[in-house]
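**Student:** here's my sequence, what's the structure:
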Amino acid sequence: MSLQVITANALLEGDVVYLSAEGNWSLNLREAMVFSEPKAAQAALATAEARSDEVVSVYLAGVTLKDGVPRPKHFREAFRQSGPSNKFHGKQADLSEQSDVSL
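**Tutor:** Next comes the predicted model:
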């Protein structure tokens, strides 16, 4: 079974965001809705892509579950989640405290 989340970049801030079960965009992957059915994921993706006044570059990203919490399946997504790699400040500092993503 392939698990996926919908991710994008916030239009104004540029932050990586994830579609939550409530239909909101969240900065936290922990809050992302995880899809196990490809048809449901594709339908939600089409709806999310139409929200071009909020986000850009919307796509499905593979995840795994660790203790029920989604984790990036690929290095690219872990890197996107952590933000710029020049210093540990802001988002990077917060992320390193709450997850096992290696920066």
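**Student:** and the strands in this structure?
**Tutor:** 3-10, 16-19, 25-26, 55-66, 69-72 (DSSP state E).
**Student:** partners of the third one, with directions?
**Tutor:** Pointing back at strand 25-26 there. Here strand 25-26 is paired, per DSSP bridges, with strand 16-19 (antiparallel).
**Student:** and stretch 55-64, how far out from the chain middle?
**Tutor:** 6 Å (C-alpha atoms, centre = their mean, to the nearest Å).
**Student:** most tightly packed of the strands of the chain?
**Tutor:** Among these, the stretch with the highest mean neighbour count (mean count of other C-beta atoms under 10 Å) is strand 16-19, at a mean of 23. All C-beta atoms are positioned from the backbone trio N, CA, C, and that covers glycine.
**Student:** could I get the strands of the chain as TSV with mean pLDDT and distance to residue 41?
**Tutor:** Formatted as TSV, the strands of the chain follow (pLDDT from 0 to 100; distance: least, C-beta to C-beta, whole Å):
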stretch	mean pLDDT	distance to residue 41
strand 3-10	97	5
strand 16-19	96	10
strand 25-26	96	17
strand 55-66	96	6
strand 69-72	94	13
